[in-house]
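Peer 1: sharing a sequence plus its predicted fold:
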Amino acid sequence: METILKSFPTRRTLLQTTLATASLCLISLVAMPVAAQTWPTKPVKVVVPAPAGSSLDVIVRGMSETLSKRWGQPLVVDNKPGAGGTIGMDLVAKAPADGYTLGIGFNGPIAFGPFMFKKMPYDPAKDLMPIVLTTSQPNVLAVPAAHPANNLREFIAWSKSQGDKVSYASVGLGSSSHLSMELLKASAGFEATHVPFNGSPPAALSVAQNETQALLAVEPALLSLVQGGRLKLIAVTSQQRLPTRPDLQTVAEAGFPGFDALAWNGIFAPAGTPADVVNRLNADINAAMAEPAFRQSMVKQGLIVGGGTAANFKTFIDSETRKWGAIITKAGIKID
């Protein structure tokens, strides 16, 4: 009996064990960053540097319900368009680094701007913290329906035969549409004069009317003219073919390995945002993007849903900045 009793802990031992466990828990709580214990305690604002109804706006609003539920706080969308996206992203860069002001940035004010603008109000690499890639979208190469070229190699050969008579449209100076064509020109070795327009509709119409001979733009913006028999598509700038157009050859497949030109966007926070808040944001936004309804909504717009870690996103941005910086510098593209 005595041996059996000795195998059971005494009240004193139990008390000591309980106190030790409680102490460890307390130490863990104290060691845990304060932000992780409390964030968020108020609404989270996401700055959208584009108008309401734009693709960036639709992306953020598409995640808002899921994120609001996960956070127990409202997600507030704040549309701040203008100056190629730099107005909105400047607000994010200068906001308190507490996780309550975020922004959805894209190629322009993140990877292109530092090389195109004479003076940026912020430094994307120093003043913004990448959280997660949200979506990407390739451009497709459109030419007039009656154009003699039916694929990219034929278009390049035709362009070289025309000397300085070829012109191409873009949706705007310094846009992904513009820079992707400059990358294609440099890769393929042909010349063409840039004619910028204010948006996809007038740019696409200029090609349909053969006022310009080519345009790189996102597929949804061209669908009505393609379906109406006024434009034809001859290549896509992603490394994989489009699921919606499996017969459309990639630029890489046409003889330019590694060619990849995407319009992309992602969530950013002010630099200095606590690491635990960054990790929480990354996990929650990844979860929101995994929702079937969100993914279906993005597919309808021709968008490829992103994801991944904050470190993945930063590495991607660094690569994009180097690539496009070289193209912008070579082409001498400047915006006052």
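Peer 2: Received, thanks.
Peer 1: for the spatially closest residue to Glu191 that is not a sequence neighbour, report the pLDDT, please.
Peer 2: Closest residue to Glu191 apart from its sequence neighbours, by C-beta to C-beta, 6 or more residues apart in numbering: Asp164 at 6.0 Å. The C-beta positions use only the backbone N, C-alpha and C, and glycine is treated the same way. The score at Asp164 is 92. That number is its pLDDT.
Peer 1: run a quick neighbour tally on Asp164.
Peer 2: Asp164: 8 surrounding residues under other C-beta atoms under 10 Å.
Peer 1: using the three-state scheme, assign it.
Peer 2: Of the three states, Asp164 takes coil under DSSP: H, G, I helix; E, B strand; the rest coil.
Peer 1: could I get the phi/psi values of it?
Peer 2: Backbone torsions for Asp164, taken as degrees, to the nearest 10, come to phi -100, psi 20.
Peer 1: what of the one 5 residues further on?
Peer 2: As for Ala169, its main-chain torsions (degrees, to the nearest 10) stand at phi -90, psi 160.
Peer 1: coming back round to it: the residue nearest to Glu191 and Phe190 touch, don't they?
Peer 2: No. Judged on C-beta atoms under 8 Å, Asp164 makes no contact with Phe190 at a distance of 10.5 Å.
Peer 1: right, and Met298 touches Ser136 too?
Peer 2: No. If you go by C-beta under 8 Å, Met298 and Ser136 don't touch, sitting 10.3 Å apart.
Peer 1: list residues touching both of those two?
Peer 2: Ile304 (C-beta atoms under 8 Å, 6 or more residues apart in numbering).
Peer 1: now do the helices in the stretch 51-200 of the chain.
Peer 2: With DSSP state H, counting those that start in this stretch, the ranges of helices along the stretch 51-200 of the chain come out as 55-71, 86-93, 107, 113-116, 124-127, 152-161, 176-188, 200-208.
Peer 1: using JSON lines, please lay out these together with mean neighbour count.
Peer 2: As requested, those are exported to JSON lines (neighbours: other C-beta atoms under 10 Å):
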{"stretch": "helix 55-71", "mean neighbour count": "19"}
{"stretch": "helix 86-93", "mean neighbour count": "23"}
{"stretch": "helix 107", "mean neighbour count": "24"}
{"stretch": "helix 113-116", "mean neighbour count": "21"}
{"stretch": "helix 124-127", "mean neighbour count": "16"}
{"stretch": "helix 152-161", "mean neighbour count": "17"}
{"stretch": "helix 176-188", "mean neighbour count": "23"}
{"stretch": "helix 200-208", "mean neighbour count": "20"}
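Peer 1: relative to Gly272, which of the ones you listed is closest?
Peer 2: Closest of the helices of the stretch 51-200 of the chain to Gly272 is helix 124-127, at 9.2 Å (criterion: C-beta to C-beta).
Peer 1: domain assignment for the chain?
Peer 2: Domain segmentation of the chain under automatic domain parsing yields 43-136+263-331, 140-236.
Peer 1: for the protein, just list every one of the strands.
Peer 2: 44-48, 75-79, 101-106, 128-138, 140-144, 167-170, 193-196, 215-217, 231-236, 262-270, 304-305 (DSSP state E).
Peer 1: make JSON lines out of those strands and add mean pLDDT and mean neighbour count.
Peer 2: Output for those, formatted as JSON lines (pLDDT from 0 to 100; neighbours: other C-beta atoms under 10 Å):
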{"stretch": "strand 44-48", "mean pLDDT": "98", "mean neighbour count": "21"}
{"stretch": "strand 75-79", "mean pLDDT": "98", "mean neighbour count": "17"}
{"stretch": "strand 101-106", "mean pLDDT": "98", "mean neighbour count": "26"}
{"stretch": "strand 128-138", "mean pLDDT": "97", "mean neighbour count": "24"}
{"stretch": "strand 140-144", "mean pLDDT": "98", "mean neighbour count": "25"}
{"stretch": "strand 167-170", "mean pLDDT": "98", "mean neighbour count": "24"}
{"stretch": "strand 193-196", "mean pLDDT": "97", "mean neighbour count": "14"}
{"stretch": "strand 215-217", "mean pLDDT": "97", "mean neighbour count": "28"}
{"stretch": "strand 231-236", "mean pLDDT": "98", "mean neighbour count": "22"}
{"stretch": "strand 262-270", "mean pLDDT": "97", "mean neighbour count": "24"}
{"stretch": "strand 304-305", "mean pLDDT": "94", "mean neighbour count": "18"}
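Peer 1: so which of these is nearest Ser180?
Peer 2: Set against Ser180 and scored by C-beta to C-beta, the strands of the chain come closest in strand 215-217, at 4.7 Å.
Peer 1: what is the closest one packed up against?
Peer 2: When contacts are defined as 3 or more C-beta pairs under 8 Å, 6 or more residues apart in numbering; DSSP states H and E, strand 215-217 packs onto strand 140-144, strand 167-170, helix 176-188, helix 200-208.
Peer 1: and the spatially closest residue to Phe313 that is not a sequence neighbour, what is it in contact with?
Peer 2: For Phe313, ignoring the flanking residues on the chain, the nearest one in space by C-beta to C-beta, 6+ apart is Pro130 at 4.2 Å. Each residue near Pro130 by C-beta under 8 Å, 6+ apart is listed here: 266, 268, 310, 313-314, 317.
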